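>>> Here is a sequence together with a model predicted from it:
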Amino acid sequence: MPVKVGRILEGTVSGITNFGAFIDLPNGERGMVHISEVADAYVKDINDYLKQNDKVKVKVLAIDDEGRISLSIRKAEAQNQISFEEQLAQFLKDSEERLSDLRNRDNKRGRGSWRGR
């Protein structure tokens, strides 16, 4: 399964640092969960939550220009807890916001606001 932003995957904790954990993903790639994305509660010591070789569900938050993959455990868990109707409502809200942003950007560039000569 390819790694794409928004996708939920199962991975294995391959390394733990003071600032987060590295997760080996099913396709052979590696991503990182920042300590702030481990749990909803304040995480002082990541070792209280994760151990080497733990299997975890993660949500892909971002993939930067250098191919680094940002992951979240807490968002993967939260998404599993909301109903389909809530997920659909959130999707529709996000889509409408994106469309509105695109329309505003086009209007600021002058597209559609002036026709003819």
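Happy to help now that I have it. Numbering: from 1, shown residues only.
>>> Can you pull out the low-pLDDT segments for the chain?
Applying pLDDT under 70 to the chain picks out residues 1, 80-82, 109-117.
>>> need the longest helix for it.
helix 84-108 (DSSP state H).
>>> Please name every helix or strand in contact with that one.
In this structure, helix 84-108 packs against no helix or strand, with contacts taken as 3 or more CB pairs under 8 Å, 6 or more residues apart in numbering; DSSP states H and E. In this view, the C-beta of every residue, glycine as well, is placed from N, C-alpha and C.
>>> Which residues are in contact with the residue positioned nearest the centre of the chain?
Nearest residue to the geometric centre of the chain (CA atoms, centre = their mean): Leu61, 1.9 Å. Leu61 is in contact with Val5, Glu37, Ser70, Leu71, Ser72, Lys75, counting by CB atoms under 8 Å, 6 or more residues apart in numbering.
>>> Look up how far Thr12 lies from the closest residue to Thr17 other than its chain neighbours.
Spatial nearest neighbour of Thr17, chain neighbours left out: Ile46 (7.8 Å); criterion: CB to CB, 6 or more residues apart in numbering. Here Ile46 is placed at a distance of 15 Å from Thr12 (CB to CB, to the nearest Å).
>>> who has more neighbours, those two?
Each of Ile46 and Thr12 has its neighbours counted (other CB atoms under 10 Å); Ile46 has more, 20 against 15.
>>> Doesn't Lys4 lie inside a helix?
No: counting by DSSP: H, G, I helix; E, B strand; the rest coil, Lys4 falls outside a helix, being coil.
>>> show me the contacts for the residue nearest to Thr17.
Ile16, Thr17, Asn18, Gly20, Ala21, Ile35, Val38.
>>> do Glu37 as well
Gly20, Leu61, Ser70, Leu71, Ser72, Ile73, Arg74, Lys75.
>>> So what's the residue count around Thr17?
10.
>>> Next up, phi/psi of it, please.
Backbone torsions for Thr17, taken as degrees, to the nearest 10, come to phi -130, psi 180.
>>> Against Lys44, how distant is it?
14 Å.
>>> Show me the helices in this protein, by range?
So, for the chain - with DSSP H - the helices run 73-81, 84-108.
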